[in-house]
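Participant: pasted the sequence and its predicted model underneath.
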Amino acid sequence: MAWNEPGKGPRDPWGRDRRPGGKSPLDDLLKKVKSHLGKPGRGSGNILTAILVLLVVGLLFSSYTIINARQVGVVLRFGEYSRMLSPGFHFKLPQPIESVRKVEATRVRSINDKVSMLTRDENIITVDFTVQYQVDDARKYLFSLNDPDGTVQAAAEAAVRGVIGGSDMDQILSAAGADLVSRAQQVLQKTLDNYNAGLRINEVSFQNVSPPKEVKDAFDDVNKAREDKQSIENTALAYANKVIPVARGDAARIAAEADGYKAERIARATGDTTRFDLLLKQYKAAPEVTRRRLWLETMEQVMADNPKVIDGSGGRNIINLPFGRSSGAPTTSSDGSSINAVVPSVSSSASDKGGQP
């Protein structure tokens with residue numbers, strides 16, 4: 001049965017009696033508030049109520065903040081730095097006590113500029129450059145500089161002018177330009193660090209480096225000559241890399257052959273010396289016999305390939321020798337007879353001569 005069904009008397013939803021004579025504490029509190037604020041729709045009490053409600057709602061909605069994944073939050077308490085907030089949901093004191101400034105920390109910012117400047121050798125050159133950077137320290141980024149982006153552009157132009165002004169035209173237009181870009185990036189980063197800008201330079205690049213139009217053709221000729229020079233140098237280097245190893249191999253082979261010939265000659269000379277020493281020893285022991293043996297060995301070597309033989313034995317010892325051959329059957333003449341050669345008998349000659357050659 002409903003709590004306010006007729007016949008059951010004045011009751012509230014909790015079953016308590018609500019008779020005209022009985023008042024709850026809540027009713028008394030509401031009456032006091034109404035007495036202070038006034039009746040709704042009349043006087044200034046309604047305005048104060050609306051203001052109070054709006055103030056409470058505003059305080060509630062300003063008591064938290066959400067930081068995106070690409071952002072970093074900087075909390076200010078009465079305008080002074082308080083703390084950093086990482087990405088996510090965070091509670092804070094309501095405004096105006098604490099406020100949050102969100103900084104895009106991961107977004108890569110870039111500036112482009114084109115400047116004309118003098119080189120060290122007093123030539124005019126035009127440079128198009130691009131600088132890419134991002135926030136590294138959100139606190140320094142917000143409070144160190146009034147215009148961070150403008151400061152980066154001015155510092156980048158100063159860095160590029162300093163690097164270009166300290167280099168010659170040929171050096172700028174040649175392959176050494178990459179070193180100049182690296183130097184410009186280092187100078188720019190150092191300048192921003194001195195400013196406590198809280199920025200990190202990711203890249204500095206030169207898109208177009210060109211001389212004035214009046215002398216562009218002359219510089220193009222110089223660049224073409226430089227490229228031809230580089231091509232010729234590369235060809236010569238390739239030829240040297242091909243020829244030098246072959247020459248070194250030939251030199252090593254000749255040196256090895258010379259070492260082998262040297263070792264052979266030394267070994268042969270050493271052997272001859274040893275043989276002579278042994279022969280000298282034998283000669284000292286038996287001079288006549290040694291002298292006779294040497295003579296016979298020498299004659300054997302001389303007449304080994306000689307078809308003509310001299311007979312020194314008086315024809316007592318005759319043997320058949322091949323004519324015009326070193327070995328084989330006896331040579332026959334045109335009439336079929338053998339050609340004979342006579343050699344001395346070693347034993348008989350030695351005994352007859354008394355051991356003398």
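Facilitator: Great, that's in hand.
Participant: now do the buried residues in stretch 216-235.
Facilitator: Taking 16 or more other Cβ atoms under 10 Å as the basis for neighbour counts, the residues of stretch 216-235 that come out buried are Phe219, Val222. In short, each C-beta sits where N, CA and C put it, glycine included.
Participant: quick one: average confidence on that stretch?
Facilitator: Stretch 216-235 shows a mean pLDDT of 83 in the predicted model.
Participant: same check, this time on stretch 128-147
Facilitator: Per-residue pLDDT over stretch 128-147 has a mean of 89.
Participant: how far off centre is it?
Facilitator: With Cα atoms, centre = their mean, to the nearest Å as the basis, stretch 128-147 stands 30 Å off its chain's centre.
Participant: that stretch: which residues count as buried?
Facilitator: Buried residues in stretch 128-147 (16+ other Cβ under 10 Å): 129, 131, 133-135, 137-142, 144-145.
Participant: likewise for stretch 154-174?
Facilitator: Under the neighbour-count criterion of 16+ other Cβ under 10 Å, stretch 154-174 has 155-157, 159-160, 162-164, 167, 169, 171-173 buried.
Participant: quick one: low-confidence ranges for the protein?
Facilitator: Counting by pLDDT under 70, the ranges of the chain that qualify are 1-46, 56-58, 174-177, 212, 307-357.
Participant: what residues go with each domain of it?
Facilitator: Under the assignment automatic domain parsing, the domains of the chain span 25-61, 65-104, 109-211, 216-285, 303-353.
Participant: who touches the residue lying closest to Thr191 once chain neighbours are set aside in this structure?
Facilitator: With Cβ to Cβ, 6 or more residues apart in numbering as the measure, Ala155 is the residue that lies nearest to Thr191, at 4.6 Å, once sequence neighbours are left out. Under the criterion of Cβ atoms under 8 Å, 6 or more residues apart in numbering, the contact list for Ala155 reads Leu188, Thr191, Leu192, Tyr195.
Participant: could you dump these to JSON lines with distance to Thr49, secondary structure and neighbour count?
Facilitator: As requested, those are exported to JSON lines (distance: Cβ to Cβ, whole Å; DSSP: H, G, I helix; E, B strand; the rest coil; neighbours: other Cβ atoms under 10 Å):
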{"residue": "Leu188", "distance to Thr49": "59", "secondary structure": "helix", "neighbour count": "24"}
{"residue": "Thr191", "distance to Thr49": "58", "secondary structure": "helix", "neighbour count": "19"}
{"residue": "Leu192", "distance to Thr49": "54", "secondary structure": "helix", "neighbour count": "25"}
{"residue": "Tyr195", "distance to Thr49": "52", "secondary structure": "coil", "neighbour count": "16"}
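Participant: how distant is stretch 138-149 from the center of its chain?
Facilitator: The chain centroid and the centroid of stretch 138-149 are separated by 36 Å, computed with Cα atoms, centre = their mean.
Participant: how near is the closest residue to Tyr81 other than its chain neighbours to Asp121?
Facilitator: Taking Cβ to Cβ, 6+ apart as the measure, Tyr81 lies nearest to Arg139, with 6.0 Å between them; neighbours along the chain are not counted. The spacing between Arg139 and Asp121, counted by Cβ to Cβ, to the nearest Å, is 45 Å.
Participant: one step back: what's the most distant pair in the contacts of Ala155?
Facilitator: Farthest apart among these by Cβ to Cβ are Leu188 and Tyr195. That separation is 10.9 Å.
Participant: hmm, back to that, tell me the most buried of the domains of the chain?
Facilitator: Comparing the domains of the chain by mean neighbour count (mean count of other Cβ atoms under 10 Å), domain 109-211 comes out on top with a mean of 17.
Participant: confirm Val209 sits in a strand?
Facilitator: Yes - membership of Val209 in a strand is supported by DSSP: H, G, I helix; E, B strand; the rest coil.
Participant: who's in contact with it?
Facilitator: In this structure, Val209 makes contact with Ile125, Thr126, Val127, Asp128, Ile172, Leu173, Gly177, judged by Cβ under 8 Å, 6+ apart.
Participant: check contacts around the second one.
Facilitator: Taking Cβ under 8 Å, 6+ apart, we find Thr126 in contact with Lys114, Val115, Ser116, Asn208, Val209, Ser210, Pro211, Pro212.
Participant: after the helix or strand hosting it comes which helix or strand?
Facilitator: Element membership of Thr126 [criterion: DSSP states H and E] is strand 124-135. Following strand 124-135 in sequence order, the next helix or strand is helix 138-143 (DSSP H and E).
Participant: quick one, the helix or strand containing Ala247 and strand 124-135 angle?
Facilitator: Counting by DSSP H and E, the secondary-structure element that holds Ala247 is helix 216-285. What separates the directions of helix 216-285 and strand 124-135 is an angle of 80 degrees, with axes from the mean of the first three to the mean of the last three Cα atoms, to 10 degrees.
Participant: hang on, the earlier thing: looking at the buried residues of stretch 128-147, spot the one nearest Leu278.
Facilitator: Phe129 (92.1 Å).
Participant: how far away is the closest one from Leu280?
Facilitator: Phe129 sits 94 Å away from Leu280, taking Cβ to Cβ as the criterion.
Participant: likewise for Lys190?
Facilitator: In this structure, Lys190 lies at 90 Å from Leu280, with Cβ to Cβ as the measure.
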